[in-house]
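A.B. asks: Got a sequence here, can you model it:
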Amino acid sequence: VEEEEIDEDTCEVCGKGGDLMACDGGDHDVKGCGKYFHIECIGRDVVPPGDWVCEECARSAGMDDVGLEGYEYNAEQEEENNEEEEESNNDNEEEENDEENNNDDEEVENNNEEEEVENNNDDDDDDDDDDEEN
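C.D. replies: Below is the predicted model of the structure:
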C-alpha cells in the first residue's frame, strides 16, 4: 500500500507548517511569489486585513523601505479603489449608451432628411408632369 504524499506548505523562514499566510499580492501590480510565512516569523502580530507581499517581492517591485514584515496593501484603500473603479466602469457604460443613443438619433434624423429630400424630388417630378399636361 502506497502512502499518499501530503504536500504541506511550510514557512520560508523556519521551515515548519501551521497557520501560514501566502505572498500573493492580490489584484495589485506586485503579484507575489506564492511563498508562505508564519506571521510571527516575519515580525507581525496579526494577519494583515488587506493583500500582502513578502519583503523580497516588495523590494523587487521598488519598495525599498520595506522590512522583514513585507508590504501590506491598505484594505480600506483597496475597498475605496474598487468602489471608484466600479463607479468609473458604470460611468463609462452610461457614456457608451448615451453615445449609442445619440448615434441612433442622428441616424433617424439623417433618414428623415433623406426621405424629405426624396419626397421633395417626387413633388418636383409631379409638378413637372402637371406642367407638361397644361
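A.B. asks: contacts and neighbour counts: CA atoms only from here.
C.D. replies: Fine.
A.B. asks: Residue 41 falls within a helix, correct?
C.D. replies: Yes: assigned with DSSP: H, G, I helix; E, B strand; the rest coil, residue 41 falls within a helix.
A.B. asks: who touches it in this structure?
C.D. replies: Residues in contact with residue 41 (Cα atoms under 8 Å, 6 or more residues apart in numbering) are 13-14.
A.B. asks: Just the pLDDT at it, thanks.
C.D. replies: On pLDDT, residue 41 comes in at 95.
A.B. asks: Repeat that for the one 5 residues further on.
C.D. replies: The score at residue 46 is 89. That number is its pLDDT.
A.B. asks: Can you show me the strands along this protein?
C.D. replies: All strands of the chain, identified by DSSP state E, fall at 21-22, 36-37, 52-53, 71-72.
A.B. asks: Need the winner for burial among the ones you listed.
C.D. replies: strand 52-53 (a mean of 26; mean count of other Cα atoms under 10 Å).
A.B. asks: returning to that earlier point: just give me the lowest mean pLDDT stretch among the strands of the chain.
C.D. replies: Across these, strand 71-72 gives the lowest mean pLDDT, at a mean of 87.
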